[in-house]
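Asker: sequence and predicted model, in that order:
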Amino acid sequence: MAGAGAVAATAAVAGCSSNGSMMGGGGTVAPYTDADVLNFALNLEYLEAQFYLYAATGSGLASTDTAAPSGYTGKYTEGTVTVGEAAQVPGLTAAQQDILNEIAFEEQTHVQFLRSALGSAAVPMPDIDLSFFGPLAVAATITTAATGTGSFNPFSSFDYFLVGAFIFEDVGVTAYSGAAPLITPAGVTSGYLTAAAGILAVEAYHAGYVRTSLTGRAIAAGSASAYPYLAAANLVEALRATLTVGNSAAPSTDGSVETLLVLPTSVTSPSAIVAADPTHAVGFARTVNQVHHIVYGSPTVGVAKGGFFPNGTNSIFATTTA
Amino acid sequence: MANQETQLLDEIITTSRRKMMTFGAASLAGLVMAAAAPEAKAATASYSDSDILNFALNLEYLEANFYYLAAFGTTIDKANAASIAAGGPSAGIPITGSVGTAGTVSGGSLVPFKTVTVGSYATETAIEEGKHVLFLQSALSTAAVAQPAINLGTSFQTLAAAANTVTPAGNIPASFSPYASDDTFLVGAYVFEDVGVTAYHGAASLLTMASNLSAAAGILGVEAYHAGLIRTTLNYLDPTGSAGLVGYTTSISNLRNALSQAGLLGVAAGATSYDANPDDYGIATFTTPKGLGAGGSATAARIVDANPANVVAFARNTTQVLNIVTGGGAVNGTAAVSPAMGVFFPAGMNAGPNGFK
């Protein structure tokens, strides 16, 4: 964080000699600006917004929210969404539809808010592949764990939607925690960090919703076998742990960056709604590399695309370096 | 900040995973530093980071005792079989400190939980809030304040009555007790959790050292998980509002909003002015101010307590938080009152000479 001279979001150059280390100890990372950090977050918000909007309405972001902004001079071009099986989730109760509407609205607003904060520096939406849930679930061995046959489809039912949402939300929380340190002191003064903190809390509310729903519906079902979606979510966690291995020696374990859901069996046994360090109950953070490993579905260092982003994120951090 | 972060980074890289987490949280807190909450005491205060963390510790004493009593039937300084079985410490959590003498907790009792859902959530939250007390005590070391006197009994009836006097008026029964049932426990918990989010968001903005910022910022996310948990469960139990729980949350949020607005000082006391810039929303559905995608507006739930214009969570300064947890004790007209006393803190918070109380 040597970029003490950085000014505002859109134009500054923040020379960060320690970035290579910051990114996880491995490769070289080009100097980046606060705009680059916010644009990294914007890529994730594009993905989340598209997922929730399709689930809630059957359609995605309006074109005005995905195109390059007026005056944009960057190298990225607007991508498209590979829709796959993405569609409005069928069979929702009115209350469930309201929930999907809420989260869709909120993630869409995050896209709009970040684009507004970035102005002409906002990157357009990258290519997004919403059909990646199937391969991801296969990698996580969810199809064999859950009752359903065929490929996992988060748009097929409310419970599968919860598992799909689960893929994103804890990642959103940790991504904002991990990306925040990359913002320069000038960016702090400019209020970018404020915004990110407030968005972090919102992502944690969402994660709380998803984890509470999965846990509560499993309790209502009466057993783990009667509600296989809880186990499916934990398989997602296990997959995330193996994906984020990068150059490190071993996958992260339960309690180091993930907290597995549990099925409480009595009023006196604790649930595991909160994903946090088990010693102090303090939340986790992930680096931009770890986040990219997850959304690319690849633990390999040096990968620049894949998974939900078939042509990579529109980000200076798109290539994993650790 | 930059140098601190860089140094911390190097430490992280060469040491443990545990430090990595601290790093992320520390920097997040740097993020929170620019929080928009007005700083009521910033002009004159010579407070230290310890004063800020002790402010948070007072709130954690409150929350932890509430959940411990509800889940285990005991205050945090007494471990019992239930708390130990749930993962709590085998000995009681310390409540003494360098400032103030340990106050007593009045009211509160084991909730006769009927559902695994709510009981297990209470159990989890009790353990986590207890860990927050221990964590802050550890971070503060010898500077940690003692537990203040805490009222977890009649305070809820006082707040219920107050919630019925703001505009729009609430409808919480005068006899309201959070220890009566699963449902009322959730409503009681609702009183605290969104406040925790806004308090950590706002208080962290006063911190200066990365190592201390990590404590506040890391907990911010957990409080938001808790808040999401409570609001989600209430939403499940009362999806249409017909059970009355939704109305209770609206009443409580309106009261918190009114107290918070008054805590800004200088804001006219007229109740109708409070709604100009609300910083709190109950879980009642709302119509999205913008359309979804290229479509029109939709009815949406309100699990997230955030500004609908940008969907960024709220932050509150210490006076705003004090005014909420003391039921208006922090403000007299347009002037701040210190020490603020009332409701949950009948003798005020424990704080050093430059601290927040």
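Answerer: Alright, I've got the coordinates. These numbers come from a predicted model, not from an experiment.
Asker: could you find the closest non-adjacent residue to A:F158?
Answerer: Leaving aside its chain neighbours, A:F158 sits nearest to A:Q96 (5.3 Å; criterion: Cβ to Cβ, 6 or more residues apart in numbering or on different chains). (Glycine included, C-beta is placed from N, CA and C.)
Asker: brain fart, A:L42
Answerer: Nearest to A:L42 is A:L114, by Cβ to Cβ, 6+ apart, at 4.5 Å.
Asker: just to check, the one you found is in contact with A:L38?
Answerer: Yes - if you go by Cβ atoms under 8 Å, A:L114 and A:L38 touch, sitting 5.7 Å apart.
Asker: just to revisit the earlier point, pretty sure the residue nearest to A:F158 is in a strand, no?
Answerer: No - residue state for A:Q96 (DSSP: H, G, I helix; E, B strand; the rest coil) corresponds to helix; a strand is not indicated.
Asker: do you know the pLDDT at the residue in the stretch 51-200 of chain B that chain A sits nearest to?
Answerer: The stretch 51-200 of chain B approaches chain A most closely through B:G119 (2.6 Å), counting by Cβ to the nearest Cβ. What the model reports as pLDDT for B:G119 is 97.
Asker: contact partners for it?
Answerer: A:P264, A:S266, A:V267, A:T268, B:A71, B:V111, B:F113, B:D182 (Cβ atoms under 8 Å, 6 or more residues apart in numbering or on different chains).
Asker: doesn't it belong to a strand?
Answerer: No - B:G119 is assigned helix when assessed by three-state DSSP, not a strand.
Asker: measure it to B:D182 for me?
Answerer: With distances taken as Cβ to Cβ, to the nearest Å, B:G119 is found 7 Å from B:D182.
Asker: number of nearby residues for the residue nearest to A:F158?
Answerer: Using other Cβ atoms under 10 Å in any protein chain shown, A:Q96 has 18 other residues around it.
Asker: before we move on, what about B:T184?
Answerer: Other residues near B:T184 come to 19 when the count uses other Cβ under 10 Å.
Asker: which SSE is it in?
Answerer: Take DSSP states H and E as the rule and B:T184 turns out to sit in helix B:182-204.
Asker: could you say what helices and strands that helix packs with?
Answerer: helix A:192-221, helix B:17-33, helix B:49-72, helix B:116-140, helix B:154-163, helix B:210-237, helix B:245-263, helix B:318-325 (3 or more Cβ pairs under 8 Å, 6 or more residues apart in numbering or on different chains; DSSP states H and E).
Asker: reformat the ones you listed as JSON lines; add distance to B:G355.
Answerer: Shown next, in JSON lines, are the helices and strands packed on helix B:182-204 (distance: least, Cβ to Cβ, whole Å):
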{"stretch": "helix A:192-221", "distance to B:G355": "23"}
{"stretch": "helix B:17-33", "distance to B:G355": "19"}
{"stretch": "helix B:49-72", "distance to B:G355": "4"}
{"stretch": "helix B:116-140", "distance to B:G355": "11"}
{"stretch": "helix B:154-163", "distance to B:G355": "22"}
{"stretch": "helix B:210-237", "distance to B:G355": "14"}
{"stretch": "helix B:245-263", "distance to B:G355": "17"}
{"stretch": "helix B:318-325", "distance to B:G355": "9"}
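Asker: looking at those, which is nearest to B:N171?
Answerer: Closest to B:N171 of these is helix B:245-263 (Cβ to Cβ; 5.5 Å).
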